[in-house]
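**Student:** sharing a model that was predicted from the sequence below.
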Amino acid sequence: MELNPLSPELNELRNVIISSNLASCYLLLETIGPGKNGTLRYEKFRENWIKAYKDIYDLVSKMKPRKSLR
């Protein structure tokens, strides 16, 4: 895939986004990848992921929207 040329500022932002996504993918792979005993730890990862998602959802749902725009 070829990327379109951008201004230096936008190109830097695009590189940061790409790096962040690659780092996230690597961390996910490390988390669910085979452990020392050679088995995948997907179920444990899934449980932790769902718990974190629910915790964040609960926090965000308690937040109230701003009454005025800044």
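**Tutor:** Sure thing, it's come through. Numbering: from 1, shown residues only.

**Student:** only C-alpha atoms for contact and neighbour calcs from this point on.
**Tutor:** Noted.

**Student:** Ile50: neighbour count?
**Tutor:** 11 (other CA atoms under 10 Å).

**Student:** report the separation between it and Met63.
**Tutor:** 20 Å (CA to CA, to the nearest Å).

**Student:** do the same with Ile17
**Tutor:** For Ile17 relative to Met63 (CA to CA), the value is 27 Å.

**Student:** can you tell me the centre-most residue of this protein?
**Tutor:** In the chain, the C-alpha nearest the mean C-alpha coordinate belongs to Ser24, at 5.6 Å (CA atoms, centre = their mean).

**Student:** quick check: that residue is in a strand.
**Tutor:** No. Per DSSP: H, G, I helix; E, B strand; the rest coil, Ser24 lies outside any strand segment and is helix.

**Student:** surely Ile17 is in a helix?
**Tutor:** Yes. Assessed with three-state DSSP, Ile17 lies in a helix.

**Student:** that one: how many residues sit nearby?
**Tutor:** Ile17 has 12 neighbours, counted by other CA under 10 Å.

**Student:** tell me the pLDDT of it.
**Tutor:** We have a pLDDT of 86 for Ile17.
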